[in-house]
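[1] everything below, folded, please.
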Amino acid sequence: MSFDIFLCGVGGQGLVLLTSVIGNACVKAGKRAITGEMYGLSQRSGTVFVHMRVGDDAYSPLIPYGAADVIIALEGMEALRYVEFLKKGGIILMNKRLMHPPIETSKLLKDKQAKYITIDEIVSKLKEWTPNVAVVDGLSIAKESGNLNAENTVFLGCISVLKDFPLEEKFIRESISQVVPEKSIEQNLKAFELGRKSAYDSLCKLVSCKQV
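    Next up is the predicted model:
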């Protein structure tokens, strides 16, 4: 069976790079991988999502509704937007970060009493579908790595520890070293490792993970 990952976020968060790293790692590991992307208004803080399917029986690039094993959401609201792609009891890795769309930002500026949805409210709604919701402070972890732009690699570290994730750590590290800009390789590798450590402290309390 294929291992299906639905990745989502907003323009500029590095979803395309994240997909490239996973895809390149699949090539190294001899795994079949197929993707389907939608970039949307990515240059205007618009939604971006990627269907990624890994496995010998992965033929269609699109994940059916209710079939994804994991959702990786680099922005909190995007997890809620696309939760229908997740299978019941699946896993959600969600960033502890909200990036208000421009139209919402303008409302908040005009009306100081106006409120945007909170992370806690999003998590509460997501848990109506699955109990396996792990919130990751990707920005803080990326900052610790020395590269604020490495949030995407933090989440790669998180998903890599899942017991059912079909790629070995060594292939992912090799892929990071090849795909990310040369000047940021060391920082991205650190972000990957910090993401792994973070997952063992949070995600792995909810679902089965590989042994350290």
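[2] how confident was the prediction at Gln43?
    Gln43 carries a pLDDT value of 55.
[3] report the secondary structure state of Gly89.
    Put simply, Gly89 is strand when judged by DSSP: H, G, I helix; E, B strand; the rest coil.
[4] check contacts around it.
    By Cβ atoms under 8 Å, 6 or more residues apart in numbering, Gly89 lies in contact with 130-132. The C-beta positions use only the backbone N, C-alpha and C, and glycine is treated the same way.
[5] can you pull out the helices in the chain?
    In the chain, the helices defined using DSSP state H lie at 15-29, 76-81, 102-110, 119-126, 138-145, 151-160, 169-179, 185-201.
[6] who touches the fifth one?
    Translated: helix 138-145. Residues from elsewhere that reach helix 138-145, judged by Cβ under 8 Å, 6+ apart: 74, 95-97, 148-151, 153-155, 187-188, 190-191, 194-195, 198.
[7] excluding its backbone neighbours, what's nearest Phe165?
    Ile159 (5.8 Å; Cβ to Cβ, 6 or more residues apart in numbering).
[8] how far away is that neighbour from Ile176?
    Ile159 sits 13 Å away from Ile176, going by Cβ to Cβ, to the nearest Å.
[9] over to Leu18?
    In terms of Cβ to Cβ, Leu18 sits 10 Å off from Ile176.
[10] what sits in contact with each of those two?
    153, 156.
[11] pull the helix or strand with minimum mean pLDDT from this protein.
    In the chain, no helix or strand scores lower on mean pLDDT, DSSP states H and E than helix 102-110, which sits at a mean of 61.
[12] picking that back up, most tightly packed of the helices of the chain?
    Among the helices of the chain, helix 151-160 has the highest mean neighbour count (mean count of other Cβ atoms under 10 Å), at a mean of 28.
[13] give me the distance from it to the chain's centre.
    7 Å (Cα atoms, centre = their mean, to the nearest Å).
[14] okay, and the beta partners of the most centrally placed residue in the chain?
    The centroid of the chain falls nearest to Ile72 when counting by Cα atoms, centre = their mean (2.8 Å). For Ile72, the beta-bridge partners under DSSP bridges are Leu7, Leu93.
[15] surely it touches Ile159?
    Yes. Counting by Cβ atoms under 8 Å, Ile72 touches Ile159, with 6.3 Å between them.
[16] what's the mean pLDDT across stretch 49-57?
    If you average the pLDDT over stretch 49-57, you get 92.
[17] now swap in stretch 193-206 and tell me
    On average, stretch 193-206 scores 96.
[18] give me every residue that touches Leu62.
    So Leu62 contacts 36, 51 (Cβ under 8 Å, 6+ apart).
[19] if I look at it, how far off is Lys143?
    Using Cβ to Cβ, one obtains 35 Å as the distance from Leu62 to Lys143.
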